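> pasting the sequence and the predicted model now:
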Amino acid sequence: MTYLNEWRDRTESEEFEDQKHIYFILFDIAEQHKDFFLLLRDADLLYLLQDEFFRNFGPTDEDDEIAAYSKAFFTYSTYGFLETWIRRGMKRTAKEMEKMFNNRN
């Protein structure tokens, strides 16, 4: 199971009041596999992570215009936040990242 499948399974099975909690789940899963993600970074292979992320959540040719732009915004912003955390060494905890992500506006 990939980390994205785990993320999808957890967001569908866990109950939470705030939809933004999905980001904590993503950071929590990444934190559990920190060594793997840092290894990807060190080997200059983060593009593999990006490819998988966009294949799972990015816009498709079949999407209508609203869906395509919505998916693009979600995918680019979420992946960018995740990649930056990985590139910076994942020094903050998943909980700290959730707080930072939710307070970005």
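Arrived safely. Given the structure is predicted, the values throughout are model-derived calculations rather than measurements. Residues are numbered from 1 along each chain as shown.

> biggest helix in this structure, by residue count?
helix 65-87 (DSSP state H).

> what is that helix packed up against?
Secondary-structure packing of helix 65-87 (3 or more CB pairs under 8 Å, 6 or more residues apart in numbering; DSSP states H and E): helix 21-32, helix 34-42, helix 46-57, helix 94-102. From N, CA and C alone the C-beta is placed, and that goes for glycine too.

> mind listing what's buried along it?
Going by neighbour count (16 or more other CB atoms under 10 Å), the buried part of helix 65-87 is K71, T75, Y76, T78, Y79, F81, L82, E83, W85, I86.

> what's the closest of these to E6?
L82 (14.0 Å; CB to CB).

> so what's the closest one up against?
L26, F27, A30, F53 (CB atoms under 8 Å, 6 or more residues apart in numbering).

> how confident is the prediction for the first one, by pLDDT?
With respect to pLDDT, L26 scores 90.

> which residues touch it?
Neighbours of L26 in contact, by CB under 8 Å, 6+ apart: W7, T78, L82.

> can you list the residues you listed in JSON lines and add distance to A67 and pLDDT?
Output for those, formatted as JSON lines (distance: CB to CB, whole Å; pLDDT from 0 to 100):
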{"residue": "W7", "distance to A67": "20", "pLDDT": "85"}
{"residue": "T78", "distance to A67": "16", "pLDDT": "90"}
{"residue": "L82", "distance to A67": "22", "pLDDT": "93"}
